[in-house]
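Asker: Sequence and predicted structure, then a few things I'm wondering about:
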Amino acid sequence: MSLPTVVLVPCWGSGHFMSALEAGKRLLDTGGGAFSLTVLLMHSPTQTKASEVEGHVRREAASGLDIRFLQLPAVEHPTGCVDPVEFDSRYAQLHAPHVKSAIASLQGRVAAVVVDLFLTTLLDAAHELAVPAYVYFASPAAFLALMLRLPALRGDLTSAGFEEKGGTVDLPGLPPVPAPYMPACLVRAKIQSYDWFEYHGRRFTEARGVIVNTSLELEGSVLAAIPAALPVHAIGPVISFGGPTDDEQRPPAHECVRWLDAQPAASVVFICFGSMGFLDAAQVREVAVGLQRSGHRFLWVLRGPPHAGSRFPTDAAQAQLDELLPEGFMAACCTAGNNIGMVWPAWAPQKEILSHAAVGGFVTHCGWNSVLESLWFGVPMLPWPLYGEQHLNAFALVAGVGAAVALGMDRKKGFFVEAAELERAVRSLMGGGSSEEVTKAREKAAEMRAACRKAVAEGGSSRAALQRLVREILALPESLEGTS
Ligand SMILES: COc1cc(-c2[o+]c3cc(O)cc([O-])c3cc2O[C@@H]2O[C@H](CO)[C@H](O)[C@H](O)[C@H]2O)cc(OC)c1O
Ligand SMILES: O=c1ccn([C@@H]2O[C@H](COP(=O)(O)OP(=O)(O)O)[C@@H](O)[C@H]2O)c(=O)[nH]1
């Protein structure tokens with residue numbers, strides 16, 4: 001007889017996909033062989049995302065874990081979408097009949113269906129098959145709390161969103177959030193994505209629970225303020241540390257890591273803007289000037305703009321450094337004689353870099369995975385939010401967790417950062433400065449490093465939440481047999 005299975009439906013693309021898959025693996029491991037994991041794969045909408053997902057699937061399929069990957073039939077791309085969140089949501093919706101028939105045709109009991117936060121249109125398939133459904137939320141609880149409040153907040157807004165409203169927004173569990181720190185996806189005249197975030201937030205309340213990549217130690221006050229009617233399982237930090245652990249199978253060290261090996265402890269500021277973040281030429285110039293003037297060592301992941309015509313910023317080209325960087329910059333900073341910096345024009349091994357003893361600070365776009373990875377390794381941050389919910393993450397990091405120092409941005413100029421401001425902030429973060437803010441950021445980062453590790457260890461809050469969730473999933477009645 002086949003084991004019961006938990007069906008995971010992740011979003012394509014690295015950030016969401018890896019986080020959801022790692023959460024699925026933790027469920028599997030906690031289940032101790034009581035159920036298997038079935039992952040339903042949608043065709044990724046671009047070639048770049050498709051090859052990212054293929055790579056992850058190939059690695060996991062070879063891991064020997066009880067995970068089965070099922071490819072869903074292709075669907076047309078929705079047309080007329082105004083932003084990627086709308087595209088993702090509608091693209092997922094077109095898969096609903098395929099998801100339903102894939103679940104219905106599985107052998108054995110389907111213990112639960114877990115869908116990504118953008119895929120709540122698929123909850124109908126689970127409801128129709130009477131299978132309990134959960135949402136996996138790869139962003140912080142603060143953003144979950146905000147999504148749940150969007151219907152109530154809408155009344156105060158014009159079509160210009162929070163930008164026009166000004167003032168602050170009350171989010172229970174956080175200090176009042178200044179309007180410019182509301183997520184970029186809601187702050188400007190992007191009422192279309194507001195509609196979709198509000199839609200998904202409403203649908204979360206239909207799920208049996210929301211599994212969130214956070215922990216009580218990180219966002220305890222926000223979690224406590226989420227209405228009790230919505231069960232929330234804080235099981236994070238969920239961070240995937242793939243790859244072989246024994247020395248013989250490990251590939252040779254990455255060039256960035258080899259460069260770090262030659263630098264003194266805590267001397268390098270690491271700059272990386274996630275899988276989709278890129279800066280325009282004027283902003284790249286300011287960063288170069290600011291870094292050079294700061295006099296600190298740096299490792300800068302500088303990605304190119306998206307391929308022409310791509311709707312998806314994640315389809316970044318390898319950066320053409322000679323076109324992007326100011327003349328003389330590489331010669332002044334990155335030559336054998338004057339080797340204080342490294343500029344890496346492609347994907348870099350971020351977790352390995354953050355874990356390296358030479359790294360003392362992280363200029364980050366505040367993607368939630370990046371924030372969690374930085375805290376996991378105790379690296380204090382300089383938040384430079386770009387898109388999605390990242391402005392809210394930046395606010396929570398500085399005003400709530402306290403593991404970051406603020407970076408001044410010109411909001412009226414699209415959050416432009418002047419070279420002089422970056423120079424000041426990097427000096428402050430890296431320079432052994434003793435301002436109260438920097439001292440607190442370092443202490444908090446170290447404190448969070450310990451707290452994150454404790455949360456997921458045996459006896460920790462996130463481990464206990466995962467165990468409770470697995471018990472809940474396994475206690476489901478037998479009437480939830482698959483239809484075959
Ligand atoms: C939350 O608001 C937005 C999120 C995204 C977005 O979209 C997205 C789509 C994919 O198919 C794959 C992804 O990896 C992905 C990631 C993503 O944003 C980031 O998600 C992370 C969680 O995995 C994390 O929370 C980061 O902080 C997010 O920035 C896109 C978007 O508009 C373009 C949003 O408004
Ligand atoms: O050059 C890069 C850029 C990103 N990442 C990883 O990609 C993920 C980015 O997720 P995040 O939530 O920070 O941001 P997103 O890219 O989804 O906006 C994180 O796990 C990073 O470690 C990486 O390894 N190398």
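Answerer: Perfect, I can see it now. These numbers come from a predicted model, not from an experiment. Numbering: from 1, shown residues only. Ligands and ions are numbered 1, 2, ... in the order given.
Asker: In the helix or strand containing Arg449, which residues are buried?
Answerer: Taking DSSP states H and E as the criterion, Arg449 maps to helix 436-456. Buried residues in helix 436-456, counted by 16 or more other CB atoms under 10 Å: 438, 440-442, 444-445, 447-449, 451-452, 455-456. For the C-beta atoms, the positions are set from N, CA and C on the backbone; glycine is no exception.
Asker: Quick one: list the elements packing against it.
Answerer: Using 3 or more CB pairs under 8 Å, 6 or more residues apart in numbering; DSSP states H and E, the elements in contact with helix 436-456 are helix 216-225, helix 368-376, helix 419-430, helix 461-474.
Asker: list the helices and strands the worst-scoring helix or strand of the chain on mean pLDDT packs on?
Answerer: When each helix and strand of the chain is scored by mean pLDDT, DSSP states H and E, helix 162-165 comes last, with a mean of 72. Secondary-structure packing of helix 162-165 (3+ CB pairs under 8 Å, 6+ apart): helix 184-187.
Asker: ok now the following helix or strand past the helix it packs on, how far from the chain's centre?
Answerer: As assigned by DSSP H and E, the chain's next helix or strand after helix 184-187 is helix 191-204. From the chain centre to the centre of helix 191-204 is a distance of 19 Å (CA atoms, centre = their mean, to the nearest Å).
Asker: heading toward the C-terminus, what's the first helix or strand past helix 191-204?
Answerer: Using DSSP H and E, the helix or strand that follows helix 191-204 in sequence is strand 209-212.
Asker: Excluding chain neighbours, what is closest to Ala457?
Answerer: Using CB to CB, 6 or more residues apart in numbering and skipping residues adjacent in sequence, the residue nearest Ala457 is Arg463, 6.3 Å away.
Asker: meant to ask about Ala441
Answerer: Closest to Ala441 by CB to CB, 6+ apart is Pro380, at 4.2 Å.
Asker: next one: Leu422
Answerer: Nearest to Leu422 is Gly290, by CB to CB, 6+ apart, at 3.1 Å.
Asker: related to what we said a few turns ago, deepest-packed of the helices and strands packed on helix 436-456, please.
Answerer: helix 368-376 (a mean of 25; mean count of other CB atoms under 10 Å).
Asker: and the helix or strand that it is followed by, how far out from the chain's middle?
Answerer: Toward the C-terminus, helix 368-376 is succeeded by strand 381-383 as the next helix or strand (DSSP H and E). Offset of strand 381-383 from its chain centre (CA atoms, centre = their mean): 15 Å.
Asker: circling back to that earlier point, how many residues are close by the residue nearest to Ala441?
Answerer: The tally of other residues near Pro380 (other CB atoms under 10 Å) stands at 25.
Asker: which residues sit in contact with it?
Answerer: 360-362, 374, 403-405, 429, 438, 441-442, 444-445 (CB atoms under 8 Å, 6 or more residues apart in numbering).
Asker: Can you report how many residues neighbour the nearest residue to Arg411 once chain neighbours are set aside?
Answerer: Nearest residue to Arg411 in three dimensions, chain neighbours excluded: Pro180, at 5.0 Å (CB to CB, 6+ apart). Pro180 has 16 neighbours, counted by other CB under 10 Å.
Asker: ditto for the one 4 residues further on
Answerer: Other residues lying near Ala184 total 21 when counted by other CB under 10 Å.
Asker: Ok, the one 10 residues further on next?
Answerer: Using other CB under 10 Å, Tyr194 has 22 other residues around it.
Asker: How much space separates the closest residue to it other than its chain neighbours from Phe162?
Answerer: Leaving aside its sequence neighbours, Tyr194 sits nearest to Leu186 (CB to CB, 6+ apart; 5.3 Å). Taking CB to CB, to the nearest Å as the measure, Leu186 and Phe162 are separated by 6 Å.
Asker: before we move on, what about Gly402?
Answerer: In terms of CB to CB, Gly402 sits 24 Å off from Phe162.
Asker: Could I get the contacting residues of the closest residue to ligand 1 within the stretch 301-450 of the chain?
Answerer: Closest residue of the stretch 301-450 of the chain to ligand 1, CB to the nearest ligand atom: Gly388 (3.1 Å). Listed by CB under 8 Å, 6+ apart, the contact set of Gly388 reads 139, 183-185, 367.
Asker: between those residues, which has the most around it?
Answerer: Counting neighbours by other CB under 10 Å, Pro183 leads these with 27 neighbours.
Asker: was I right about that one contacting Leu386?
Answerer: No - counting by CB atoms under 8 Å, Pro183 stays clear of Leu386, with 11.1 Å between them.
Asker: picking up where we left off before, now the residue of the stretch 301-450 of the chain closest to ligand 1. Its backbone dihedrals?
Answerer: phi 60, psi -140 (degrees, to the nearest 10).
Asker: Check what pLDDT it gets.
Answerer: pLDDT, Gly388: 90.
Asker: contacting residues around Gly173?
Answerer: Here Gly173 is in contact with 142, 145, 219, 221-225 (CB under 8 Å, 6+ apart).
Asker: so how far is Val110 from Leu129?
Answerer: Here Leu129 is placed at a distance of 7 Å from Val110 (CB to CB).
Asker: Show me which residues of the stretch 101-250 of the chain sit near ligand 1.
Answerer: 138-139, 185, 193 (CB under 6 Å from any ligand atom).
Asker: Endpoints of stretch 206-216, how far apart?
Answerer: 23 Å (CA to CA, to the nearest Å).
Asker: let me fix that: stretch 39-51
Answerer: Length of stretch 39-51, first residue to last, CA to CA: 17 Å.
Asker: Can you tell me what sits against it?
Answerer: So stretch 39-51 is contacted by 7-10, 12-14, 21, 24, 52-53, 57, 67-72, 74-75, 77, 87, 91-92, 95, 99, 102-103, 310, 312, 314-315 (CB under 8 Å, 6+ apart).
Asker: Return the distance of the residue of the stretch 251-400 of the chain found nearest ligand 2 relative to Ser275.
Answerer: For the stretch 251-400 of the chain, the residue closest to ligand 2 is Gly367, as judged by CB to the nearest ligand atom, at 2.2 Å. Distance of Gly367 to Ser275, given as CB to CB: 8 Å.
Asker: Need the overlap of contacts for the two.
Answerer: Counting by CB under 8 Å, 6+ apart, the shared contacts of Gly367 and Ser275 are Gly15.
Asker: Gly402 and Phe162: which is more packed in?
Answerer: Phe162 (23 against 18).
Asker: how close does that one sit to His391?
Answerer: Between Phe162 and His391 the computed distance is 10 Å (CB to CB).
Asker: Also Ser294?
Answerer: Applying CB to CB to Ser294 and His391 gives a distance of 24 Å.
Asker: what is the mean pLDDT for stretch 232-250?
Answerer: 80.
Asker: How about stretch 265-283?
Answerer: Mean predicted confidence for stretch 265-283 is 93.
Asker: residues in contact with Ser2?
Answerer: By CB under 8 Å, 6+ apart, the contact set of Ser2 is 36, 107-108.
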